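J.: I would like to see how this sequence folds:
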Amino acid sequence: MQHTDKYKLDLIEKEDAFSPDALNANTQKVEEALIAHEGAVKEVTDGLDQRVTVLEATKLVAGVFKSTNIPNDIIELGFTPEAVFLSDAHGANQVCFITKAGSYVGNGNVVVVENGFQLVNGGGSTAVNNGRPICFFAFG
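T.: Presented below is the predicted three-dimensional model:
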C-alpha cells in the first residue's frame, strides 16, 4: 500500500484486497488533524474576541459644530464622554478641555452631560459664544 506524500494517508491500489482498515486509518488521521486545527484556530479567535471587547469599550468621536443656541446646544454623541477637547476651527487659539468630573482647561463654557456635551454661556468673546465652527474630539 502506498501513502500520500504530505499527510501519509493510505492509498488503496487496485490489486489490494478491500479492507476497511485503510479507510478507518485515513479517517482517524483526518479527525486528528481537524482537532489540532480547531485548537489552533480557537487560540487565535479567543485573543481576537478579547481585543474586540476592549476596542468596543473605547469610544472616540471627532466632529465640527457651530453653536447657534447657547445655552441650549447639546452635542449628542451617543455616549457620555470621559473627556472632550475643543478647538476653534479658525485657529484663534480658543482651546477647551473638559472632563466628566467637570474640570476644564481654557474656556469654561462647555460641560459634559449624559450622551454628549453642552454649551453653556461662559461669558467673554470665546469661539463658542461667537458661533464659529469648533472642532472636537470626545473620548469615552
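J.: hey, C-alpha coordinates of stretch 20-37 in CSV?
T.: Below are the C-alpha coordinates for stretch 20-37, written out as CSV (Å, rounded to 0.1, in the frame of the first residue of the first chain):
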residue,chain,number,x,y,z
PRO,A,20,-12.0,-1.1,5.9
ASP,A,21,-8.8,-0.8,7.9
ALA,A,22,-7.1,1.6,5.4
LEU,A,23,-10.2,3.8,5.2
ASN,A,24,-10.6,3.8,9.0
ALA,A,25,-6.9,4.8,9.4
ASN,A,26,-7.3,7.6,6.9
THR,A,27,-10.5,8.8,8.7
GLN,A,28,-8.6,8.7,12.1
LYS,A,29,-5.7,10.8,10.6
VAL,A,30,-8.2,13.4,9.2
GLU,A,31,-10.0,13.7,12.5
GLU,A,32,-6.8,14.2,14.5
ALA,A,33,-5.7,16.9,12.0
LEU,A,34,-9.1,18.6,12.3
ILE,A,35,-8.9,18.6,16.1
ALA,A,36,-5.4,20.1,16.1
HIS,A,37,-6.5,22.8,13.6
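J.: Figure out how far it is from the centre of its chain.
T.: In terms of C-alpha atoms, centre = their mean, to the nearest Å, the centre of stretch 20-37 is found 40 Å from the chain centre.
J.: Can you give the contact residues for that stretch?
T.: 1, 7-10, 12, 16 (C-beta atoms under 8 Å, 6 or more residues apart in numbering). Any C-beta I mention is one placed from the backbone N, CA and C, and that applies to glycine too.
J.: Switch these over to CSV; also include distance to K42 and neighbour count.
T.: Shown next, in CSV, are these (distance: C-beta to C-beta, whole Å; neighbours: other C-beta atoms under 10 Å):
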residue, distance to K42, neighbour count
M1, 34, 11
Y7, 22, 10
K8, 25, 11
L9, 25, 16
D10, 29, 18
I12, 34, 14
D16, 38, 12
